[in-house]
Structure formats: C-alpha cells, structure tokens
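S.K.: Just need the structure, nothing else, for what follows:
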Amino acid sequence: MTEDADRKRYITARGFRVLQQELVQLLRVERPRVTREVATAAAQGDRSENAEYIYGKKRLREIDRRIEFLTKRLDELEVVRPDPSQAGRVFFGAYVAVEDEAGTVTEYQVVGPDEFDVAAGRISIDAPLGRALLGRREGDEIAVERPKGRVTFTVIGIRYDDSAAP
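M.R.: Next up, the predicted model:
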C-alpha cells in the first residue's frame, strides 16, 4: 500500500453530514428523476439522435460515479469531534481567528480535504496555512508562503464548535 492509502482521512461531523445528505439526495431524488426523464426520452423513438436521451444517459453515469465515490469515501472517513482538552490550541476542526500584517482579521476552520471551501472560511489541514496553524496558541505568529509572497499571521482566537448546521 502507498503512504497515501495508509493515511487517515479526517472529516468534521458537519462535513460528514453534508456528504451523507448529498448521497441521500442523489439516491432518492436526483437519480430517480433522471431515470424517469431517460425513460420518457427513450419512448420517443430513435435514440441515436435524441438529445434528451443521450444527455440523460450521460447524466446517469455521472450520478452513478458520484454515488460510488461517496459510498466508498464515507466508509473511509473518520469523524473527528472536538475534545475539551484541545481548548487553547489549534487542532483539527478548530475555528481560528487570525490577523494579517495589515490588521485584517479572518476566521478559518481547519477541516479535511473533503470539505474545504476557502470562500466559506474552511481551509484544508493539508494547505500551507492549515499545516502552519496546527498546535498554535493565541498570540502565536506564523509565516506562510503564498503565491503573492510571504505573509505573517497572528493567532488572535481559537474556538471549537461543530454544532452548527451545515
């Protein structure tokens, strides 16, 4: 096995719920709807020139691939829940407020690669900033190389709260 295959795949409880909901949506809503559309299109006759039929079959293959991926992925993932002993230090799942050199304050949550969304403030534990934040305490300074150049952040707040709905 490769090192990557042996590595644990971590996810927050919120991220796990989001993936489960996507799987349920695909299985119960999306796939049955597209299957009905394909059946309707097939009943119209010549399938070789029927765009609705061709697109529908393509969409079904995409849905089936995603269902297969999510099913396997959910089995591989380990949900990490905040531990009270982590208070005051940055670990997986932490919400971290940082201040950059210009005084701009931003809050990020350190999450797994399956749930990162920079626009929503969720950064991957594998990203340079995510790695740099691990184990830090309030007041710690970290330097991170970005495409725009090196930037220094100061950790100004750490909290754990995974009770928020997705």
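S.K.: Which strands or helices does the helix or strand harbouring residue 123 pack on?
M.R.: Using DSSP states H and E, residue 123 sits in strand 122-124. In this structure, strand 122-124 packs against strand 105-111, helix 128-133, with contacts taken as 3 or more Cβ pairs under 8 Å, 6 or more residues apart in numbering; DSSP states H and E. C-beta here means a position set from N, CA and C on the backbone, and glycine is covered the same way.
S.K.: Could you pick out the longest strand of the chain?
M.R.: Looking across the chain with DSSP state E, the single longest strand is strand 149-159.
S.K.: Just say helix, strand or coil for the residue nearest the centre of the chain.
M.R.: Against the mean C-alpha coordinate of the chain, by Cα atoms, centre = their mean, the closest residue is residue 115 at 0.9 Å. With DSSP: H, G, I helix; E, B strand; the rest coil as the basis, the three-state label of residue 115 is coil.
S.K.: right, and it touches residue 122 too?
M.R.: Yes - Residue 115 is within contact range of residue 122, at 6.0 Å (criterion: Cβ atoms under 8 Å).
S.K.: Pull out the buried positions in stretch 74-92.
M.R.: 77, 80, 82, 89, 90, 91, 92 (16 or more other Cβ atoms under 10 Å).
S.K.: Looking at residue 2 now. What's its pLDDT?
M.R.: Per-residue pLDDT puts residue 2 at 45.
S.K.: Tell me where this protein has helices.
M.R.: Ranges of helices within the chain are 3-6, 13-25, 31-42, 51-76, 128-133, based on DSSP state H.
S.K.: now the angle between helix 31-42 and the longest one, please.
M.R.: Read it as helix 51-76. 160 degrees (axes from the mean of the first three to the mean of the last three Cα atoms, to 10 degrees).
S.K.: elements contacting helix 51-76?
M.R.: Right, helix 51-76 is packed against helix 13-25, helix 31-42 by 3+ Cβ pairs under 8 Å, 6+ apart.
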